[in-house]
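>>> turn this into a structure:
(3 chains)
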Amino acid sequence: MRGRRIRAALVHEARLRWPVSADLNATLAGQRVLAVQRRAKYLLLRLTRGTLLVHLGMSGNLRLLPQASARLKHDHVEIQLDSGLALRLNDPRRFGSVLYTSEDPLAHPLLRELAPEPLEEGFDGAYLHAVTRRRRVAIKLLLLNSRLVTGVGNIYASEALLHARIRPRRAARTLKVADCTRLAAAIRRVLGAAIRAGGTTLRDYVGADGEPGYFRQRLYVYERAGLPCRRCRTPIRQITQGQRSTYYCPQCQQ
DNA sequence: ACGCCCTCCTGTTGGC
DNA sequence: TGCCAACAGGAGGGCG
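Predicted coordinates for the structure are as follows:
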């Protein structure tokens, strides 16, 4: 998309996680895409005069395809380019978002307080140790708090804790430096491996290339309740934390 | 400040 | 076959 000019923006359904601006077309038309970036799980389309922030939520998907191609059910927003292609957001659950800001996007209220990038410098045991002090919340729930850790969703939280050998219900404040060092390394390793595998397709996720991700085959605990742990063969347990499923190995994770 | 719960929404699955 | 409840990849908001 870089270098293309936006011809028009169509909003078929404005009721996403946040209402899509009614002025989106007037705002975007004529602007050029200068760069495409990412911050946590937000995509940033840097435009001539501002930035379009896109979040896929749980079920969102972006496709870049000929503008004339048929619109699918749940195609909510379409950005038409001067190349004849159009970027379409399809999102059955509508937990995604499309927001425009003319200010510094990193200063936007939704991005301003996000935690450091886990794959950048500075995300290490010392960082995790610092943010887990005096927090009674279970470490697995802390990993889902985007003000403290970004990039780790429900799948990778369970996976990282398995690799770090930490029980998901353990109070964050009880983690020692050594635990935090293993956990930071496990998070980086899991995210890196998942990215290289193209992501984790549970049902219908496909990447920008239209291909599913293959990390599901490499999951150690997620969705494996009752199945043998891939490290020690002990049956994997499933529990609920914050109304979401957590999986862990009672033998490997102490 | 923290921690917990609720919410948004549609689609799929499993039990009866 | 139909109906209903439970659950699903996220994460902000409000409350105590």
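
>>> just checking, A:Ala8 is part of a strand?
Yes. Assignment of A:Ala8 by DSSP: H, G, I helix; E, B strand; the rest coil places it within a strand.

>>> leaving out chain neighbours, which residue sits closest to it?
Nearest residue to A:Ala8, sequence neighbours excluded (CB to CB, 6 or more residues apart in numbering): A:Gln80, at 4.7 Å. Any C-beta I mention is one placed from the backbone N, CA and C, and that applies to glycine too.

>>> identify the residue nearest A:Arg15 in space, chain neighbours excluded?
Setting aside the residues directly before and after it, A:Arg15 is nearest to A:Arg94 in space (CB to CB, 6+ apart), at 6.4 Å.

>>> and for that neighbour, the neighbour number?
17 (other CB atoms under 10 Å).

>>> quick check, it in contact with A:Arg17.
Yes. Using CB atoms under 8 Å, A:Arg94 makes contact with A:Arg17 at a distance of 7.0 Å.

>>> give me the common contacts of those two.
Any residue near both A:Arg94 and A:Arg17 by CB atoms under 8 Å, 6 or more residues apart in numbering counts here, and that gives A:Gly57.

>>> and the closest residue to A:Pro228 other than its chain neighbours, what does it touch?
Spatial nearest neighbour of A:Pro228, excluding adjacent residues (CB to CB, 6+ apart): A:Pro235 at 6.4 Å. Residues near A:Pro235 by CB under 8 Å, 6+ apart: A:Gly226, A:Leu227, A:Pro228, A:Cys229.

>>> next, give phi and psi for the residue nearest to A:Arg15.
Torsion angles at A:Arg94 (phi, psi; degrees, to the nearest 10) stand at phi 60, psi 30.

>>> equivalent analysis for A:Tyr214, please.
Dihedral pair for A:Tyr214: phi -110, psi 10, per degrees, to the nearest 10.

>>> state the distance from it to A:Ala197.
From A:Tyr214 across to A:Ala197, the span is 5 Å (CB to CB, to the nearest Å).
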